[in-house]
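Colleague: Build me a structure from this.
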Amino acid sequence: MMTAPTATARYVGHLRTEATHTASGTIIQTDAPVDNHGRGEAFSPTDLVGTALGTCILTTMAIVAERHNLDMVGSTFSVKKTMSQDSPRRIAQFDVDLQLPASLSPADRALLERVAHTCPVALSLNPEIRQEVRFIYQ
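Modeller: Reported below is the predicted structural model:
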């Protein structure tokens, strides 16, 4: 049985694509980064990988938080991507900073920090890609 694709995309020119999420119809655009012939006016494909990592970590933590009646509303992340300096061009590292509620107890923090490192995207990335995750409680 053939299922519908998760997403489809089309090349629109000038190193840009337009991708559509099949189930919702949501559209995102990508652009090649400035350091690789693009304009940098939208997420690059490798930016999306870093964004996927951060959103996956936060979502996985929130699933467990809800199970334990913990409030994570307003939690945020920032992600910094570092590309390799050698060839072939590839992602070398992601630095993810999570801003989480200071009200979380030490036990709840430990639980959520363990969960953060087991999100599906983190586990799916090539082990050569360093993942530095920092937890900031404020």
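
Colleague: Would you double-check that Asp97 falls in a helix?
Modeller: No - secondary structure of Asp97 (DSSP: H, G, I helix; E, B strand; the rest coil): strand, not part of a helix.

Colleague: ok, it - how many residues close by?
Modeller: 15 (other Cβ atoms under 10 Å). Every residue, glycine included, has its C-beta placed from N, CA and C.

Colleague: partners of it in the sheet?
Modeller: Ser78, Arg134 (DSSP bridges).

Colleague: Quick check, it in contact with Phe77.
Modeller: Yes - using Cβ atoms under 8 Å, Asp97 makes contact with Phe77 at a distance of 6.5 Å.

Colleague: Now do the longest helix along the chain, average pLDDT.
Modeller: Under DSSP state H, the helix in the chain containing the largest number of residues is helix 45-67. Per-region confidence: helix 45-67 scores 97 on mean pLDDT.

Colleague: Which elements pack onto that helix?
Modeller: Applying 3 or more Cβ pairs under 8 Å, 6 or more residues apart in numbering; DSSP states H and E, we find helix 45-67 packed against strand 27-31, strand 76-83, strand 91-100, helix 106-116, helix 120-124.

Colleague: What residues sit buried inside that helix?
Modeller: The neighbour-count check on helix 45-67 (16 or more other Cβ atoms under 10 Å) flags 46-47, 49-54, 56-58, 60-62, 64-65 as buried.
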